[in-house]
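Chemist: With the input below, show me the fold.
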Amino acid sequence: MKQFQFKYENEEKFVNSLHKIKQWCNSSITSKVLFQVYSETLDKEKVTALCGLIETEMPDALYMGCSTNGNIIMGEYNGDMIDIICTVFEYPSTNIDLLQYSLDEEKAPYVTNDLIKKVKERPWVKTIMLNTTIRGMSMTGFCDELRKLPKKIALFGGGAFSEDMNENTAFVVSSVGEISDHAVVFALIGGDDYYVKTTHITGWKPLGRELKVTKARGAILYELDGKPAYETYYKYLNIKNDENFFYNTLEFPFFYESHGMNILRAPIASNDDGSLVMTADMEQNVRARIAYGDPWTILESVYNGAVELQEFVPEAITVFSCAARRTFWGADEISCETIPFQSLAPTSGFYTSGEFLRTGVNVFQHNVTLVIGAQREGKADSGQTAKVDMNTEEFSGKVSMINRLATFIQAATEELAEANRRLEFAAISDSLTGLFNRGEIQRRITDKALEVAASGAHGISKAGVSLIMMDIDNFKEVNDTFGHKEGDIVLRKLSEMLERTIEENVPDAVAGRWGGEEFMVLLPNSDEKRATEVAELFRQNFAAIDFPKAKNRTMSLGVTELIVGEDADIACMRVDSALYEAKKTGKNKVVVYPMF
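Modeler: Numbers count the residues shown, from 1 in each chain. Purely as a prediction, here's the structure:
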């Protein structure tokens, strides 16, 4: 694999560059040639003319590309309006096909279905690299459908953009379709001697407490914790809703987890109603946190990512980097996070409106992220392994002030969250036994009764939800004879037995202390027969406990199954009646209350 990278200056110099590439190809073994055209200008005529020259001078070559927010060439952002990357594949087994589709939300299912069909017809495919227009449309369905690709296929790519981040216009171009404002281009690459490795780098870290996304639709984030989303930025960061909102929030995108993957979403703008326009779709009901960008933390992540690719021994590296990262660093410093990859292999790419990467079977649209695809032909030659060239002294062993403050805030937040969890648990649990207290177990019984209220004809069908109520036989005797300390031991051991038996036999059940020596168990997915079996296990397991002074004790139990639509209090009265019957008729037994 050989790569040529150069900027477009004028037609004459470009043709001369094509002649040199053609001459090199004629003197070497060449299987496929792929040009990637990255344009920071939206001048379609200029890009179309340039692509026409490729077709004229090298008619067998393929080309793809798009408009960008800036280009990466030889590992650096260099301010050129148009850059050209030509990759020459040298192994005869390597194959490439390009596919271009018109794309909008309505057409996305057709596009992905046809892509999957064509990939399955080409068993040699190992990688899909994409350029796509995405502004103004939701890509969630598109990404979800791409999950259906064969598991072996890697996928990575970037969203077309423009020099002006506030401009929605963007385009893609390829040798198999016309230049288009609403399209996607896929490069299908593979073969027996072709290898690929993908990764992604953020460097942003979560900060502060979790916020629940209570209302979101597409890329509009309406509410966090039931309040307008903008209030979070104003309250915690004092970021005002003015012309600088976008730039002030770049350092603080939202961070959340989706299918085990950390996702970043940055706000583009704040609306009058307090909702935020995000860089991509935001999932509702997820728990998100504000993240912070710290240069030293980012550089350390870049170094670790480059080292990860080192052993792969790449021959070419393609980087899709979010335009927000370019804004974060500024034009003078942005190259510091891409130039380290150039020490491993020729590195090129562009600044995107969104980054795409397949991890496992899932395809994610990222933001504020570096997505990297490393390619190679032939087996890796460990003797040719290049080392990452990066000045690690800039971040190694040092911690910036923002990092220290963030660590302090995070530790304080976690301590507060733990204290709140303990308070919440104390409010619903019994201090002696650790089980739910009466208020909490009663609330859960009521909620379950309401949940199944509409699941059948009222008054005639069983709910498949049961209650077990139990009472220690002659417990007063334990306290009077051996003291309350022994009585407390009996109650705690009973509670431990209930938890252990539930975990082993009915893990969805919950237990609570009803009062004194009485306990209640809610079995949300057990009918009367199963509940009776469990109750008998409780009785036997408790009778087998040898207490220090009280020795072996017994207990009586009542069982009932809820009737669909009945009041929870009636079910509790019924199971209490069954327990009373067990006590009255000899104790140390299980009694089932007749349903009808």
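
Chemist: what's around the residue nearest to Gly439 when sequence neighbours are not counted, how many residues?
Modeler: Excluding the flanking residues, the one nearest Gly439 by C-beta to C-beta, 6 or more residues apart in numbering is Ile428, at 7.2 Å. Bear in mind the C-beta positions are built from the backbone N, C-alpha and C, glycine included. For Ile428, the neighbour count with other C-beta atoms under 10 Å is 15.

Chemist: Stretch 123-142: how far from the chain's middle?
Modeler: 18 Å (C-alpha atoms, centre = their mean, to the nearest Å).

Chemist: what's the first-to-last distance across that stretch?
Modeler: 22 Å (C-alpha to C-alpha, to the nearest Å).

Chemist: try stretch 90-99
Modeler: End-to-end distance (C-alpha to C-alpha), stretch 90-99: 22 Å.

Chemist: so Ala331 is in which element?
Modeler: Secondary structure from DSSP states H and E places Ala331 outside every helix and strand.

Chemist: What does the residue nearest in space to the middle of the chain show for phi and psi?
Modeler: With distances taken as C-alpha atoms, centre = their mean, Ser258 lies nearest the centre of the chain, 2.0 Å away. Main-chain torsions, Ser258, degrees, to the nearest 10: phi -140, psi 120.

Chemist: With Asn505 instead?
Modeler: Torsion angles, degrees, to the nearest 10, at Asn505: phi -120, psi -40.

Chemist: and it, what does it touch?
Modeler: Val534, Leu537 (C-beta atoms under 8 Å, 6 or more residues apart in numbering).

Chemist: Can we start the residue count at 55 from this point?
Modeler: That works, and once the first residue is 55, the last one we named lands at Asn559.

Chemist: if we can go back for a sec, counting neighbours, what do you get for the closest residue to the residue nearest to the centre of the chain other than its chain neighbours?
Modeler: Using C-beta to C-beta, 6+ apart and skipping residues adjacent in sequence, the residue nearest Ser312 is Glu337, 6.2 Å away. Neighbours of Glu337 under the rule other C-beta under 10 Å: 15.

Chemist: and Glu337, what is it in contact with?
Modeler: Val267, Ala270, Tyr310, Ser312.

Chemist: which among these end up buried?
Modeler: Buried residues within the contacts of Glu337, counting neighbours by 16 or more other C-beta atoms under 10 Å: Val267, Ala270, Tyr310.

Chemist: And the second one, which helix or strand is it part of?
Modeler: Same thing as Ala270. strand 259-271.

Chemist: in its sheet, what does that strand sit against?
Modeler: Paired neighbours of strand 259-271 in the sheet (DSSP bridges): strand 274-278 (antiparallel), strand 341-346 (antiparallel).

Chemist: Is Thr586 part of a helix or strand, or is it coil?
Modeler: helix (DSSP: H, G, I helix; E, B strand; the rest coil).

Chemist: gap between the residue nearest to the centre of the chain and Arg412?
Modeler: 14 Å (C-beta to C-beta, to the nearest Å).

Chemist: anything in contact with each of the two?
Modeler: In contact with both Ser312 and Arg412: Phe418, using C-beta under 8 Å, 6+ apart.

Chemist: The residue nearest to Ser312 belongs to a strand?
Modeler: No - Glu337 is assigned coil when assessed by three-state DSSP, not a strand.

Chemist: So which other helices or strands are in contact with the helix or strand Arg380 falls within?
Modeler: Counting by DSSP H and E, the element that carries Arg380 is helix 377-383. Here helix 377-383 touches strand 401-406, going by 3 or more C-beta pairs under 8 Å, 6 or more residues apart in numbering; DSSP states H and E.

Chemist: Quick check: neighbours of the strand it packs on in the sheet, parallel or antiparallel?
Modeler: By DSSP bridges, strand 401-406 pairs with strand 125-127 (antiparallel), strand 370-376 (parallel).

Chemist: ok, and for it, which residues are buried?
Modeler: Quick answer for strand 401-406 (16+ other C-beta under 10 Å): Thr401, Ser402, Gly403, Phe404, Tyr405, Thr406.

Chemist: Alpha carbons of that strand, as PDB, please.
Modeler: In PDB, the C-alpha atoms belonging to strand 401-406 read as follows (Å, rounded to 0.1, in the frame of the first residue of the first chain):
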ATOM      1  CA  THR A 401      -2.200  10.100   8.100                       C
ATOM      2  CA  SER A 402      -5.000  12.100   6.500                       C
ATOM      3  CA  GLY A 403      -8.600  12.900   7.000                       C
ATOM      4  CA  PHE A 404     -11.000  15.800   7.700                       C
ATOM      5  CA  TYR A 405     -13.000  17.700  10.400                       C
ATOM      6  CA  THR A 406     -16.500  16.400  10.500                       C
END
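
Chemist: which residues sit against stretch 273-287?
Modeler: 192, 265-270, 293, 295, 299, 303, 306, 308, 319, 321, 324-325, 327-336, 342, 344.

Chemist: Any stretches of the stretch 455-604 of the chain with poor pLDDT?
Modeler: The stretch 455-604 of the chain contains residues with pLDDT under 70 at 455-470, 508-515, 517.

Chemist: can you give me the strands in it?
Modeler: 516-526, 564-569, 572-577 (DSSP state E, counting those that start in this stretch).

Chemist: gap between the next helix or strand after the helix holding Arg380 and the chain center?
Modeler: Counting by DSSP H and E, the next helix or strand C-terminal to helix 377-383 is helix 393-396. Averaging C-alpha positions (C-alpha atoms, centre = their mean) puts helix 393-396 27 Å from its chain's average.

Chemist: what packs against helix 393-396?
Modeler: Going by 3+ C-beta pairs under 8 Å, 6+ apart, helix 393-396 lies up against helix 349-364, strand 370-376.

Chemist: quick one: His73 and Glu111 touch, right?
Modeler: Yes - proximity of His73 to Glu111 meets the contact threshold set by C-beta atoms under 8 Å, at 7.1 Å.

Chemist: For the two, work out which one has more neighbours and name it.
Modeler: Higher neighbour count among His73 and Glu111: Glu111, with 15 against 12, using other C-beta under 10 Å.

Chemist: Give me the spatial nearest neighbour of that one, chain neighbours excluded.
Modeler: Closest to Glu111 by C-beta to C-beta, 6+ apart is Leu72, at 4.3 Å.

Chemist: In a helix, the one you found, correct?
Modeler: Yes - under three-state DSSP, Leu72 sits within a helix.

Chemist: Neighbours of it, how many?
Modeler: For Leu72, using other C-beta under 10 Å, the count is 20.

Chemist: quick one, what contacts it?
Modeler: Leu107, Ile108, Glu111, Met112.

Chemist: Using the three-state scheme, assign the first one.
Modeler: Read it as Leu107. Note that with three-state DSSP, the state of Leu107 is helix.

Chemist: is it true that Phe366 touches Ala428?
Modeler: Yes - if you go by C-beta under 8 Å, Phe366 and Ala428 touch, sitting 5.5 Å apart.

Chemist: who touches both of the two?
Modeler: Listed as contacting both Phe366 and Ala428 by C-beta under 8 Å, 6+ apart are Lys251.

Chemist: Of those two, give the one with the bigger neighbour count.
Modeler: More crowded of Phe366 and Ala428, by other C-beta under 10 Å: Ala428, with 25 against 19.

Chemist: did I read that right, the more buried one in a strand?
Modeler: Yes - Ala428 forms part of a strand when assessed by three-state DSSP.

Chemist: Break down the stretch 105-254 of the chain into its strands, ranges please.
Modeler: 116-121, 125-127, 130-131, 136-143, 149-156, 179-186, 208-213, 226-228, 231-234, 237-244, 248-255.
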